[in-house]
Each structure stands twice: as structure tokens, then as C-alpha cells.
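*Asks:* generate a structure from the sequence data that follows.
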Amino acid sequence: MKSLRILLSLLVLSSLPAAIAQKVATDYDHKADFNQYHTYAWTTGTPIQSQLWDQRIIDGVDKQLAAKGFRKVDNSADPDLYVLYHGAVGHQAQLNTTNMGGWGWRWGGGMATTSVDYIPVGQLSVDIGDAKTKKVMWISTSSDTLSDNPDKNQKKLDKALNKMFQKFPPPAPK
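*Replies:* Down below sits the predicted model:
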């Protein structure tokens with residue numbers, strides 16, 4: 001029984017780096033022709049509660065879209081696309097097992113203790129939709145661990161946005 005618990009702990013610990021590494025997933029309407037869109041405006045999503053980070057996310061998305069040739073306009077200017085984001089910050093449990101020595105499970109020696117740490121994680125989802133039909137056309141999400149260092153988090157945000165918009169706009173349908 002003790003060996004099974006240690007084995008399970010090792011399996012959980014070995015899978016954690018993959019579980020908390022930055023992940024990006026993107027999906028889009030494969031029938032949509034993004035070549036017909038040139039302008040966009042922001043609309044309300046679920047912003048991060050920090051005004052600093054809210055503005056950093058908006059500025060980062062604006063930078064990505066500008067690099068792809070899209071022009072930001074006011075909502076009253078009848079944009080082609082609407083952009084919004086949803087942001088969330090939470091915690092992920094990490095199990096840490098420490099073996100206190102001994103001869104292993106067969107010889108009855110040794111003792112292992114497990115502690116739980118909570119790792120701060122963030123998730124960002126960017127949605128882009130057709131302004132006329134109000135239909136979502138493209139969505140990308142990213143999740144990553146967060147640091148207590150804002151500069152590191154800014155780098156993670158930049159990396160996430162680069163990955164999210166790497167293949168935006170999608171190719172025209174065939």
C-alpha cells in the first residue's frame with residue numbers, strides 16, 4: 001500500500017510541469033474569409049480586475065492585430081470585427097512529497113510526507129467576431145503559471161499573445 005502511494009505521488013509530480021506549462025489553443029470558423037475584414041473595435045468581455053493588467057492585455061492584442069494589418073476604430077465607426085477578452089486568475093494545487101530516508105518499502109524503514117502548495121495560474125481567452133452578424137469567428141485561449149514578478153508576467157503575456165496570434169488571420173476557405 002505504501003509503495004502504491006509513493007508511486008502515485010511520483011506520477012503526479014512528474015506530470016505537474018506539463019500541467020502548469022503555458023498552453024495555447026486556437027479555433028476558428030473554417031468557412032469564414034478573414035480577407036474581407038480590415039477594422040475592429042473592442043467590446044466588453046470579462047476583464048482582469050487590475051486596471052494595469054487590463055490595459056496591458058488590450059495593448060498587447062492591439063499590437064498583434066496592428067501587425068496583421070487590422071485597424072482599430074471606435075464602436076461608432078461601424079467596425080468589421082469585434083474583439084473581446086476574458087481573463088481569470090486562480091490557483092492550482094501542487095503535491096510535494098519528501099522521502100525521509102530508510103531502506104524502502106520492503107524493509108519497513110523510511111517515512112514520506114506530502115505537502116500541498118498552491119501555484120498562481122492565469123487564463124486568457126481572446127474572442128473575435130463579425131460585427132454585423134455578432135457571430136464568433138475566432139477564439140484563442142492561453143493558460144500559464146504566474147509569478148510575483150510583474151516583469152516576468154509581462155513576458156509571459158507577450159509570449160502567449162505571440163502564440164495565440166501566430167496563425168491569425170486564418171487562411172481563406174477553399
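*Asks:* show me the helices in the chain, by range?
*Replies:* Secondary structure of the chain (DSSP state H): helices at 2-20, 51-67, 150-164.
*Asks:* avg pLDDT for the second one?
*Replies:* Mean per-residue pLDDT for helix 51-67: 96.
*Asks:* show me what counts as buried in it.
*Replies:* For helix 51-67, burial by neighbour count (16 or more other CB atoms under 10 Å) applies to W53, R56, I57, G60, V61, Q64, L65. For glycine as for every other residue, the C-beta is placed from the backbone atoms N, C-alpha and C.
*Asks:* what is it packed up against?
*Replies:* If you count contacts as 3 or more CB pairs under 8 Å, 6 or more residues apart in numbering; DSSP states H and E, helix 51-67 packs onto strand 71-72, strand 81-99, helix 150-164.
*Asks:* and the contacts of it?
*Replies:* 40, 42, 47-48, 72, 83, 85, 87, 124, 126, 154, 157-158, 161-162, 164-165, 168 (CB atoms under 8 Å, 6 or more residues apart in numbering).
*Asks:* give me that answer again for 7 Å
*Replies:* Residues from elsewhere that reach helix 51-67 (CB atoms under 7 Å, 6 or more residues apart in numbering): 40, 42, 47-48, 72, 83, 85, 87, 124, 126, 154, 157-158, 161, 165.
*Asks:* tell me the least confident of those?
*Replies:* I48 (87).
*Asks:* quick check: it touching H86?
*Replies:* No - using CB atoms under 7 Å, I48 and H86 do not qualify as a contacting pair, with a distance of 9.4 Å.
*Asks:* more neighbours, these two?
*Replies:* A count of neighbours by other CB atoms under 10 Å puts I48 above the other of I48 and H86, at 18 against 15.
*Asks:* how close does the residue nearest to that one when sequence neighbours are not counted get to P169?
*Replies:* Leaving aside its sequence neighbours, I48 sits nearest to G87 (CB to CB, 6 or more residues apart in numbering; 4.0 Å). For G87, the distance to P169 equals 23 Å [CB to CB, to the nearest Å].
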